[in-house]
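Novice: Quick one, what's the 3D model for this:
(one chain, ligands or ions: 1)
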Amino acid sequence: MKIVILGCGRLGSRVALKLGKDENNQIIVIDKNPDAFILLGKDFKGKILEGDGANMETYIKIMTEKPDVFLALTNSDNTNIMAAEIAKQKYKVEKTIAKVYDPIRARAFEELGIETICPTLLCEKKINKMIEKAKVKESESDEDA
Ligand code: AMP
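Specialist: Presented below is the predicted three-dimensional model:
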């Protein structure tokens, strides 16, 4: 699969390294800050491109051959939403996923047909689960006493 990842930060770089392990995947990682590519290490086999996701020229460069997957993983909701929309609407990329911190915008965006990952909601769910587990443990130890 041809996979484009916008944003080579803590998440984007990890996803790129993981997906890049599969020889069938062709990965292109874009970041506006060239220092970000350090996170990929020396052995990363994919392509890297210095570019701004808020700039149409970036898309002209990367969309010459349509990707199968486009991941918008910068630290900006606005950039990720815009990038995913361009990939989906203009370049007809089948699978576009955007990281969106704001749960309200993430939901609204989902309704427009773009898949979103909301770290805020994922953290909230995880915290609730951890609290629930702690409650169960506490009640079990009360019963044992
Ligand atoms: P992190 O918060 O660690 O996941 O990093 C987010 C990454 O997104 C950083 O490496 C930023 O340089 C990158 N980034 C932020 N805005 C843009 C943009 N408009 N275009 C390309 N990369 C961006």
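Novice: what does this protein put close to the ligand?
Specialist: Neighbours of the ligand within the chain, by CB under 6 Å from any ligand atom: 6-12, 30-33, 36, 52-54, 74-76, 79. In short, each C-beta sits where N, CA and C put it, glycine included.
Novice: Got a quick PyMOL command for the buried subset of those residues?
Specialist: Buried residues among those (16 or more other CB atoms under 10 Å), as a PyMOL selection:
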select buried, resi 6+7+8+11+12+30+31+32+36+53+74+76+79
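Novice: So which bits of stretch 79-90 are buried?
Specialist: Using 16+ other CB under 10 Å as the test for burial, stretch 79-90 gives 79-81, 83-88.
Novice: Might one say that Tyr101 is in contact with Thr120?
Specialist: Yes - taking CB atoms under 8 Å as the definition, Tyr101 is a contact partner of Thr120 at 5.4 Å.
Novice: Contacts only, for the one residue in the chain that gets nearest to the ligand.
Specialist: Closest approach of the chain to the ligand (CB to the nearest ligand atom) occurs at Gly9, with a separation of 1.7 Å. Listed by CB atoms under 8 Å, 6 or more residues apart in numbering, the contact partners of Gly9 are 31, 36, 39, 73-75.
Novice: Sounds good, over and out.
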